[in-house]
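Asker: Could you work out the structure for the sequence below:
(chains A and B)
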Protein chains: 2
Amino acid sequence: MNKLSACSSMACGISLQPKMVLASLRVRKQGNGRCTNVPRNVNLEKLQNNYLFPEISKRELQHLEKYPNAKVISLGIGDTTEPIPEQISLSMANYAHALSTADGYRGYGAEQGNQALRKAIAETFYKDVAIKDTEVFVSDGSQCDISRLQLLLGSKVTIAVQDPSFPGYIDSSVIIGQAGDFQDKTGKYQNIEYMQLGPQNNFFPDLTVTPRTDIIFFCSPNNPTGHAATRKQLQQLVEFARDNGSIIIFDSAYAAYISDDSPKSIFEIPGAKEVAIEISSFSKFAGFTGVRLGWTVVPEELLFSGGFPVIQDFNRIVCTCFNGASNIAQAGGLACLSPEGFQVCLMIAMNRNGQISSVEMAAVDSDLSQTFEEETIVGERTLFWHAICAVIDYYKENAKILVDTFASLGLEVYGGVNAPYVWVHFPGSKSWNIFAEILEKTHIITVPGSGFGPGGAEYIRISAFGKRKHIIEASWRLEKLFSKGKPLFNCLK
Amino acid sequence: MNKLSACSSMACGISLQPKMVLASLRVRKQGNGRCTNVPRNVNLEKLQNNYLFPEISKRELQHLEKYPNAKVISLGIGDTTEPIPEQISLSMANYAHALSTADGYRGYGAEQGNQALRKAIAETFYKDVAIKDTEVFVSDGSQCDISRLQLLLGSKVTIAVQDPSFPGYIDSSVIIGQAGDFQDKTGKYQNIEYMQLGPQNNFFPDLTVTPRTDIIFFCSPNNPTGHAATRKQLQQLVEFARDNGSIIIFDSAYAAYISDDSPKSIFEIPGAKEVAIEISSFSKFAGFTGVRLGWTVVPEELLFSGGFPVIQDFNRIVCTCFNGASNIAQAGGLACLSPEGFQVCLMIAMNRNGQISSVEMAAVDSDLSQTFEEETIVGERTLFWHAICAVIDYYKENAKILVDTFASLGLEVYGGVNAPYVWVHFPGSKSWNIFAEILEKTHIITVPGSGFGPGGAEYIRISAFGKRKHIIEASWRLEKLFSKGKPLFNCLK
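Answerer: Predicted coordinates for the structure are as follows:
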């Protein structure tokens, strides 16, 4: 319907009768405008129009038209705001600058990522669970790898998602052709299993009523609820996947925010290697949202039903549909995890002539652990972790302020302890209405929970990424309004 | 076949009879190993095992085992070897270093790319053909955008490719599900139209015998033949696409190597905007193979058969399946094209305290053309182009040496004038045999033409990317062998 009306009115300049369309299947010339004979992808036709964040941006612009002097505070999109520790930015700067020297220049790297970085990721995050460096694939971020995993899986598999969850799982599923039509009544796509999360089940799906699917997307700590699944819950999830022969795609992008003893990786659960892939990212861990760096772990033990190793197909996808993350970003990732990598970058920086020996530069691309004293390495790694953790702690303190604020307003508040997101419940309300009301009364941008699935219909998500002064100002605006004796939210009247 | 044998032998540890497989559809526990019940993607099953470059690497390793002291020269993979001009690497270095300052830090950028970079690409490459900045999508390289375009198009479209051509078009087509089975006899996939290229048709397909397909992948200058289609040829191609209502995906990654008046963009051809998408890259233009930066142009005029604008769906794909190229790489791209961008980076560099005003930093993200005198801009742009062109000229001089060498051996040589690739014909021979013979006798790595499709069966591709000394050494080895009076190649006996 949309297609034809677009062609006949705006786009092609003239009106087409259905019969004419049929008659002109091969050649179609239409005044100034002209359509090809290539049909639009039916999967993209199914996708709902308003992607969450562009819609929020539109609302923000409308708000600014109405209140041109309003000082809008954005607690919407989960984007990091604090500078990267200088040691890390310096590593990238030195790597980049060295690209103009004969010895420092590098062309194509391995599609799977720099060998030293793969090793550093395996050793830093997966040492206790014995993930090998060859099972780590460096990416330009987990959002991109979600689509590459969909290319790997194809259109024939069935999937389950947490409801609510990051919209990329469902949207990429629709694009690859796994989903049926969108149902306005339920807010769900057909053929996708929505695993409901809420206070009633401690934000963990009731697996006794969850049907089997081939794939289970599972994000912990969850975006948007902020809930980190406990060890017991993840044990149940792995058992469920093993019993059903399913594959879990575990998104641990927010693992660095876990404060308690919840597992930071699905591979902490025995038996997970035979049923799980893990995607993760430097974005929220080291402030690399714009630098673009992440990784995916595909264990050798994970096999398709016929016994073919998933890792072999994923390797093929990475080699064909990707060409490696930017080598400068990878140098930054290595600096985050490996003082050895940083040492080399420092040597380069100290050499004022810009003449870098090929030995030094090669070292950035390879394993250097033999070159440095173990004590130095441990000491420097501690320093690095302090720098990165200081930024994470900053956001977590922001989250605490926001949790306290909303709780003091008498609202049910979740998340914010193991994640940079605060999830606030407004029973009986619609999330876009809450979004609009908060924006209208406090000039604060939030995210309507329904953007994360129908399970978020009565919630809003508040991002704790932001400057402290803005978080405090936002908190003050919310409390001030409340203290005037007026109920802040209509839904609480 | 492969699937079951893998499961029963190596992977799962025990042997499975077909009946047992059926009986254990839901749960399957098999000693130490265990398969999921998720079927392998049939599209990936269709893909042929040996991807070209990994196979070449394997052969190189085997050669080194046989001749441990051989000084192998690689004229295989088309990877840049010369340093990036320092102004450009410095821009990236300064951008990266500034990420550790409060004012210089940047999180997520626009998925479609930095606004100033989109404008600079439009103005630098498409000024005369009036492509708008909003039609330019910045990518992490054209290989990645080929797969994103396949996600856009879906599995239902039909495609044509040049034969020979870059294997990524076909492989991504197989992965998304457009292709039928691979035919060992012909070396072709079913449902893909192979447009044969050779001396007999001046390396341009005979369109009078080419059946209609929805999509036509067309690379000019072509990888591997090195042939740049003439204006007249491209006019024929555009007319063919218009008559058929097809979409051309035009790969101009090597356009900077064109020496004659062949078009550098498909949009130089009137009427192309209604039938073409163009993908391109900074890789071979500015030595960014490892930095990862490219772009895709989708004109607003390009419409699906129902009239829906292709650009809207591509925008949705970019927002959902991608999250923008690394902001550091984008700063480098801007420096390549825009002295204004570089000026700002220079200001940052000169500020020794690392204190960058937000105005300066914001300028990197926006249009600065008003800030500088037109004369300065033109002068500096000239300087920049000199630096970039000097590197391109270096590779082209390499190509000339290689063309002359092979021609002097009495072989038919193509390409090398408008492209960094030399395409050598060995009538009646098989390309893997030629590859093996050259490696055995001269320790030089080439690429067997059959890796680019059955149309390359009698050819090898020689890459002109390399250090001059290696090119000269390679030339010397080839000529020396020949001058001994022995015919170099068995096929010439």
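Asker: Give me the buried positions along stretch A:388-397.
Answerer: Across stretch A:388-397, burial judged by 16 or more other Cβ atoms under 10 Å in any protein chain shown covers A:388, A:391-392, A:394-396. Quick note: C-beta positions are derived from backbone N, CA and C, even for glycine.
Asker: and that stretch, anywhere near chain B?
Answerer: No - judged by Cβ under 8 Å from any Cβ of the partner chain, stretch A:388-397 stays clear of chain B, getting no closer than 10.7 Å.
Asker: where exactly do the helices run in the stretch 151-300 of chain A?
Answerer: Secondary structure of the stretch 151-300 of chain A, counting by DSSP state H, counting those that start in this stretch: helices at A:168-176, A:231-244, A:283-286.
Asker: want to try TSV for the ones you listed, with distance to chain B as columns?
Answerer: Shown next, in TSV, are the helices of the stretch 151-300 of chain A (distance: least, Cβ to the nearest Cβ, whole Å):
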stretch	distance to chain B
helix A:168-176	5
helix A:231-244	6
helix A:283-286	8
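Asker: could I get those helices as JSON lines with distance to B:S165?
Answerer: Converted to JSON lines, the helices of the stretch 151-300 of chain A look like this (distance: least, Cβ to Cβ, whole Å):
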{"stretch": "helix A:168-176", "distance to B:S165": "25"}
{"stretch": "helix A:231-244", "distance to B:S165": "41"}
{"stretch": "helix A:283-286", "distance to B:S165": "36"}
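Asker: rewinding a little: inside helices: which ones of the buried residues of stretch A:388-397?
Answerer: Residues of the buried residues of stretch A:388-397 located in helices (DSSP state H): A:388, A:391-392, A:394-396.
Asker: now, which of these sits nearest B:P205?
Answerer: Ranking these by separation from B:P205, with Cβ to Cβ as the measure, puts A:I388 on top at 54.5 Å.
Asker: Roughly how far does that closest one sit from B:A102?
Answerer: From A:I388 across to B:A102, the span is 17 Å (Cβ to Cβ, to the nearest Å).
Asker: With A:E397 instead?
Answerer: 17 Å.
Asker: can you give me the strands in the stretch 251-400 of chain A?
Answerer: All strands of the stretch 251-400 of chain A, identified by DSSP state E, counting those that start in this stretch, fall at A:276-281, A:294-297.
Asker: any weak-confidence spans in the stretch 201-350 of chain A?
Answerer: Under the criterion pLDDT under 70, the flagged ranges of the stretch 201-350 of chain A are A:339-350.
Asker: how about the residues of it that lie near chain B?
Answerer: A:212, A:214-215, A:242-247, A:274-275, A:287, A:289-292, A:301-309, A:313, A:316-317, A:319-329, A:332.
Asker: before we move on, the earlier item: is it possible to export the buried residues of stretch A:388-397 to CSV including pLDDT?
Answerer: As requested, the buried residues of stretch A:388-397 are exported to CSV (pLDDT from 0 to 100):
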residue, pLDDT
A:I388, 85
A:V391, 91
A:I392, 92
A:Y394, 95
A:Y395, 96
A:K396, 96
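Asker: quick one: which of the residues you listed is nearest A:I269?
Answerer: A:I392 (23.7 Å).
Asker: ok, and the closest non-adjacent residue to that closest one?
Answerer: A:A256 (5.5 Å; Cβ to Cβ, 6 or more residues apart in numbering or on different chains).
Asker: With A:G332 instead?
Answerer: Per Cβ to Cβ, 6+ apart, closest to A:G332 is A:M92, 4.2 Å.
Asker: now that neighbour, what's its secondary structure?
Answerer: At A:M92, secondary structure determined by DSSP: H, G, I helix; E, B strand; the rest coil is helix.
Asker: Make JSON lines from the helices of the stretch 151-300 of chain A and add mean neighbour count and distance to A:E135 to it.
Answerer: JSON lines is the format used below for the helices of the stretch 151-300 of chain A (neighbours: other Cβ atoms under 10 Å in any protein chain shown; distance: least, Cβ to Cβ, whole Å):
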{"stretch": "helix A:168-176", "mean neighbour count": "25", "distance to A:E135": "22"}
{"stretch": "helix A:231-244", "mean neighbour count": "19", "distance to A:E135": "17"}
{"stretch": "helix A:283-286", "mean neighbour count": "25", "distance to A:E135": "19"}
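Asker: nearest to B:V136, of these?
Answerer: Short answer: helix A:168-176, nearest of the helices of the stretch 151-300 of chain A by Cβ to Cβ, at 22.2 Å.
Asker: export the closest one as PDB, just CAs?
Answerer: Once non-C-alpha atoms are left out, helix A:168-176 reads as follows in PDB (Å, rounded to 0.1, in the frame of the first residue of the first chain):
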ATOM      1  CA  GLY A 168      18.700  -4.600  17.800                       C
ATOM      2  CA  TYR A 169      18.100  -8.300  18.400                       C
ATOM      3  CA  ILE A 170      14.600  -8.100  17.100                       C
ATOM      4  CA  ASP A 171      15.300  -5.600  14.300                       C
ATOM      5  CA  SER A 172      18.200  -7.700  12.900                       C
ATOM      6  CA  SER A 173      16.000 -10.800  13.200                       C
ATOM      7  CA  VAL A 174      13.300  -9.100  11.100                       C
ATOM      8  CA  ILE A 175      15.900  -7.900   8.500                       C
ATOM      9  CA  ILE A 176      17.400 -11.400   8.000                       C
END
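Asker: Around the closest residue to chain B within the stretch 201-350 of chain A, count how many other residues there are.
Answerer: The stretch 201-350 of chain A approaches chain B most closely through A:G307 (1.9 Å), counting by Cβ to the nearest Cβ. A:G307 has 26 neighbours, counted by other Cβ atoms under 10 Å in any protein chain shown.
Asker: The one 4 residues further on too?
Answerer: Other residues within reach of A:I311 by the criterion other Cβ under 10 Å amount to 19.
Asker: got a list of what it touches?
Answerer: With contact set as Cβ atoms under 8 Å, 6 or more residues apart in numbering or on different chains, A:I311 has these partners: A:135, A:298-300, A:302.
Asker: export the residues you listed to a markdown table and tack on neighbour count?
Answerer: What follows is the contacts of A:I311, written out as a markdown table (neighbours: other Cβ atoms under 10 Å in any protein chain shown):
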| residue | neighbour count |
| --- | --- |
| A:E135 | 24 |
| A:V298 | 27 |
| A:P299 | 23 |
| A:E300 | 16 |
| A:L302 | 24 |
